[in-house]
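> Following is a predicted model, sequence given first.
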Amino acid sequence: MKIGMIGLDTSHCTAFTRLLNDPRANFHVPGGKVVVAYPGGSSDFALSRSRVEGITQELKESFGIQMAAGCEEVAAAVDGILLTSVDGRIHREQFEKVAPYGRPVFIDKPLAVSSQDADHILETAQEHGVPLLSTSALRYAEPLVEVLEEGEIFGVDCYGPMNLEETQPGLFWYGIHGVEMMYAVLGRGCERVTAYSNSQQDVIVGEWSDGRIGTYRGNRQGNREFGAVVHRAEGSSHADVSHAAKPFYASLLEQVMKLFQTRIAPVDAEETREIIQFMEAANESRETGRTVSLAARGKRSRPGRGSLA
């Protein structure tokens, strides 16, 4: 399959391209190659602006990727799209440009940085029949996937680094990794979110409708690794995500290729929607110190996986 890439301002671009295009790469993902890309970039976001030129040159020189003048030119030339722009604020605009072409699209995390934009993207995808996936690669990290195979779960405690960026509200920059792990374990159905925050760390507590509880500890000092402790009646299991032998990028790309080939998204759209609402609620709780009801924010909830109800 011919794959296009939009937004060359994250290290994910070179990692994805190497895994797809180089058959000699460890954990090579077969089935498609990146052939064309649009550099994009956000002028008001230093971590985007400073990376575009270098990543663009690397993709051209190391992999022979053709550069396009815009999102539409990429969509017209390919079978599937990797929308990798690091700035979640521009995903809505970029997706609107490619959706009419009907190609399956992977939007690198986060889908958007507001519920309003997330809803618009998901509704646009439905309108144009676009198979869509948006997730952190941490959802598919092998140690986490293996732990989930062990039996019924009543809670999970996730952890990881949580850097903050001014243009990306609160959890929407690095916090999404821990939230994705939490939802990979518990599924939909969170009712209330409470955040405890200071300059060094955040602890986010989600209460599910059936009594399960999930937590995410975001660190700005100390431990910079990702992981989760999954709780069952028989005991607790640790998923040491940062020390997996297989890169979680490779596991994610395997799911992306299934999306491109089958046009069936491996993560339900309503779960993706709730993840955005969860982070929005957590940000509100960080600012106000109050517990926030997802139902009061118009959450569309159905029972998630592993429900105890």
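Arrived safely. Numbering: from 1, shown residues only.
> number of nearby residues for Met182?
Met182 sits with 24 neighbouring residues when counted by other Cβ atoms under 10 Å. Every residue, glycine included, has its C-beta placed from N, CA and C.
> Would you check that it makes contact with Gly155?
No - if you go by Cβ atoms under 8 Å, Met182 and Gly155 don't touch, sitting 9.9 Å apart.
> Excluding residues flanking it in the chain, which one is nearest the residue lying farthest from the centre of the chain?
Centroid-distance maximum for the chain: Glu234 at 30.6 Å, with Cα atoms, centre = their mean. Of all residues not flanking Glu234 in the chain, Gly151 sits nearest, at 6.7 Å (Cβ to Cβ, 6 or more residues apart in numbering).
> Kindly report the same for Leu144.
Per Cβ to Cβ, 6+ apart, closest to Leu144 is Ala239, 4.4 Å.
> related to what we said a few turns ago, can you pull the pLDDT of the residue farthest from the centre of the chain?
Here the pLDDT value assigned to Glu234 is 91.
> Distance check, it against Glu166.
45 Å (Cβ to Cβ, to the nearest Å).
> now do Arg217
Using Cβ to Cβ, we find Arg217 at a distance of 22 Å from Glu166.
> got it, and Ile107?
Taken as Cβ to Cβ, the span from Ile107 to Glu166 is 22 Å.
> May I have the helix or strand containing Ser48 as CSV, with CA atoms only?
In this structure, Ser48 sits in helix 46-49 according to DSSP states H and E. C-alpha atoms of helix 46-49 as CSV (Å, rounded to 0.1, in the frame of the first residue of the first chain):
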residue,chain,number,x,y,z
ALA,A,46,8.8,25.7,19.1
LEU,A,47,8.8,21.9,19.4
SER,A,48,7.1,21.8,16.0
ARG,A,49,8.8,24.7,14.2
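> Quick check: buried residues in that helix?
Leu47, Ser48 (16 or more other Cβ atoms under 10 Å).
> just checking, next helix/strand downstream of that helix?
helix 52-63.
> mean confidence for stretch 123-134?
98.
> if we can go back for a sec, can you check which residues contact both of Met182 and Gly155?
Gly214 (Cβ atoms under 8 Å, 6 or more residues apart in numbering).
> Please name the residues that touch Val267.
Applying Cβ under 8 Å, 6+ apart, the residues near Val267 are Leu133, Ser134, Thr135, Arg139.
> can you rerun that using 7 Å?
By Cβ atoms under 7 Å, 6 or more residues apart in numbering, Val267 lies in contact with Leu133, Thr135.
> Low-confidence bits of the stretch 201-309 of the chain, can you list those?
297-309 (pLDDT under 70).
> Please, where are all the helices along it?
Remark: helices assigned in the stretch 201-309 of the chain by DSSP state H, counting those that start in this stretch are 248-262, 269-288.
> Tell me the buried residues in the first one?
Neighbour counts over helix 248-262 (16+ other Cβ under 10 Å) mark 248-260 as buried.
> just to revisit the earlier point, output the helices of the stretch 201-309 of the chain as TSV; include the columns distance to Asn223.
Shown next, in TSV, are the helices of the stretch 201-309 of the chain (distance: least, Cβ to Cβ, whole Å):
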stretch	distance to Asn223
helix 248-262	18
helix 269-288	20
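> looking at those, which is closest to Gly175?
helix 269-288 (6.4 Å; Cβ to Cβ).
> Kindly format the C-alpha coordinates of that closest one as PDB.
C-alpha atoms of helix 269-288 as PDB (Å, rounded to 0.1, in the frame of the first residue of the first chain):
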ATOM      1  CA  ALA A 269     -14.800   5.900  18.200                       C
ATOM      2  CA  GLU A 270     -16.800   6.400  21.400                       C
ATOM      3  CA  GLU A 271     -13.800   5.300  23.500                       C
ATOM      4  CA  THR A 272     -11.600   7.800  21.600                       C
ATOM      5  CA  ARG A 273     -14.200  10.500  22.300                       C
ATOM      6  CA  GLU A 274     -14.400   9.700  26.000                       C
ATOM      7  CA  ILE A 275     -10.600   9.800  26.300                       C
ATOM      8  CA  ILE A 276     -10.600  13.400  25.100                       C
ATOM      9  CA  GLN A 277     -13.500  14.200  27.500                       C
ATOM     10  CA  PHE A 278     -11.600  12.600  30.300                       C
ATOM     11  CA  MET A 279      -8.500  14.700  29.700                       C
ATOM     12  CA  GLU A 280     -10.600  17.800  29.400                       C
ATOM     13  CA  ALA A 281     -12.300  17.000  32.700                       C
ATOM     14  CA  ALA A 282      -8.900  16.300  34.400                       C
ATOM     15  CA  ASN A 283      -7.600  19.700  33.200                       C
ATOM     16  CA  GLU A 284     -10.700  21.400  34.700                       C
ATOM     17  CA  SER A 285     -10.200  19.500  38.000                       C
ATOM     18  CA  ARG A 286      -6.500  20.500  37.900                       C
ATOM     19  CA  GLU A 287      -7.500  24.200  37.700                       C
ATOM     20  CA  THR A 288     -10.400  24.200  40.100                       C
END
